[in-house]
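1. sequence? don't have it. structure:
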Ligand SMILES: [Ca+2]
Ligand SMILES: [Ca+2]
Ligand SMILES: [Ca+2]
């Protein structure tokens, strides 16, 4: 049996309950060999207390200790000298959890005091880290020539076999987020990789063009006893090769969401002969297209339909529907009206959508065919 000398402490202090001590590390986690700044505040009631002696005992994962003096001299990132804010920093050179205990001693109103407070911070984990060469490539999984995913390989130097997960976002040259991705895998010791698959459709939809930044890359140890343990982090470790937006997966035709509508009085009698509804579309390929759609009121009642054929170039194009004002006037149905069952099909694309546009409010009396004498209009009552 091992018998050790134990020091028995008897500390006699006059407690002044108005004095408080705080200890705030500037991070709960740092990569290995990162620096953690420690800040303590000594307060008496609501006022800062200068002149105390504050030390922090840092207990490393292997049990060895380091004593860090927290100073209020204005030279240790502690704000002004003698403002009651005490600070200093230390470097974590071991993987794992560091226990921190700060002690403040001094005299206030001629009465000595002692305060203790605790915290902790973690450095890496030692099981794996992000290290090595990144790479990226577009992948076309359905053979249509467009990239379904942008793959980024995250290099992982594995010390201990286990399940690891990487999380990251892809940012455009202007800093906007294009897509998120994560990857989880069992990794054996050695130089390994986790492959992130960013959605090509999301990159296209968010306007990704050029070189992208892999950002906020986290590596988690998923095999940790409790919750997944974050073991490495890099804020912007990699920039991809150059991509053009249209290399990524996207439909050959789509609505841009831009619409316009107006009434046309072609015979000058003050009543609309037509309601024009325009819809802007994006076309990947130019050619001959057929188009059609229906105008309905808010209850879904069909008022008119229109369609035709057009030669359209690639790019942004406008499809113009001309609905008969007489059908609207005689229907005695107010707007706003809706363009539904919009189909566009042709050489390069097919587009079909239920709701393509909603018009402004129109009173049916603005249109040809509306009853000329004033009538009491009763909406249909459903029972
Ligand atoms: Ca200070
Ligand atoms: Ca594809
Ligand atoms: Ca007219």
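-> Received, thanks. Bear in mind that the values here come from a model prediction, so they are computed numbers and not experimental data. Ligands and ions are numbered 1, 2, ... in the order given.
2. Name the nearest residue to the closest residue to ligand 1 within the chain, sequence neighbours excluded.
-> Ligand 1 sits closest to residue 78 of the chain, with a gap of 3.5 Å, by C-beta to the ion. C-beta: built from backbone N, CA, C; applies to glycine. Closest residue to residue 78 apart from its sequence neighbours, by C-beta to C-beta, 6 or more residues apart in numbering: residue 87 at 3.7 Å.
3. after the host helix or strand of that neighbour comes which helix or strand?
-> Residue 87 is located in strand 85-91, with elements delineated by DSSP states H and E. Downstream of strand 85-91, the next assigned helix or strand under DSSP H and E is strand 96-108.
4. What are the contacting residues of that next one?
-> With contacts defined as C-beta atoms under 8 Å, 6 or more residues apart in numbering, strand 96-108 is touched by 16, 19, 21, 23, 25, 36, 38, 40, 42, 44, 49, 51-61, 70, 86, 92, 112-126.
5. and if you look at stretch 131-138?
-> 147, 149-157, 191, 193, 200, 214, 237-238, 240-241, 243, 247-248.
6. what pLDDT does the residue nearest to residue 81 when sequence neighbours are not counted get?
-> Counting by C-beta to C-beta, 6+ apart, the nearest residue to residue 81 once its immediate chain neighbours are dropped is residue 74, at 3.3 Å. Note on residue 74: pLDDT of 97.
7. Helices of the protein, start to end?
-> 200-205, 325-331 (DSSP state H).
8. Tell me which of the ones you listed lies nearest to ligand 2.
-> Nearest to ligand 2, of the helices of the chain and by C-beta to the ion, is helix 200-205 at 7.0 Å.
9. and residue 171, how many residues sit next to it?
-> 20 (other C-beta atoms under 10 Å).
10. so what's it bridging to?
-> Counting by DSSP bridges, residue 171 is bridged to residue 177, residue 213.
11. Those residues of the stretch 1-150 of the chain touching ligand 1, which are they?
-> 72, 78-79, 83, 85 (C-beta under 5 Å from the ion).
12. redo that, cut-off 6 Å
-> Residues of the stretch 1-150 of the chain lying close to ligand 1 by C-beta under 6 Å from the ion are 72, 74, 78-81, 83, 85.
13. quick revisit: counting only strands, which of the contacts of strand 96-108 make the cut?
-> 19, 21, 23, 25, 36, 38, 40, 42, 44, 53-59, 70, 86, 112-123 (DSSP state E).
14. Any quick PyMOL command for the buried ones out of these?
-> Burial among the ones in strands among the contacts of strand 96-108 is assessed by 16 or more other C-beta atoms under 10 Å; the matching PyMOL selection reads:
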select buried, resi 19+21+23+25+36+38+40+42+44+54+55+56+58+70+86+113+114+115+117+119+121+122+123
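15. Poorly predicted segments of the protein, please.
-> Judged by pLDDT under 70, the chain has its weakly predicted residues at 1-16, 224-227, 373-383.
16. switch the cut-off to 80
-> Scanning the chain for pLDDT under 80 picks out 1-17, 124-126, 223-229, 347-349, 372-383.
17. Give me every residue in it lying close to ligand 3.
-> 265, 267, 269, 271, 273, 368.
18. So what's the residue count around the closest residue to the first one other than its chain neighbours?
-> The reference is to residue 265. Among residues not flanking residue 265 along the chain, residue 272 sits closest, at 5.5 Å (C-beta to C-beta, 6+ apart). Counted with other C-beta under 10 Å, residues neighbouring residue 272 total 25.
19. May I ask you to confirm that residue 272 is in contact with residue 325?
-> Yes: between residue 272 and residue 325 a contact is recorded at 4.3 Å, counting by C-beta atoms under 8 Å.
20. Show me whatever sits in contact with both of these two.
-> 263-264, 367-368.
21. wait, what's in contact with the closest residue to residue 218 other than its chain neighbours?
-> Distances taken as C-beta to C-beta, 6+ apart put residue 167 closest to residue 218, at 4.6 Å, once the chain neighbours are dropped. Residue 167 makes contact with 180-182, 216-218, 220, according to C-beta under 8 Å, 6+ apart.
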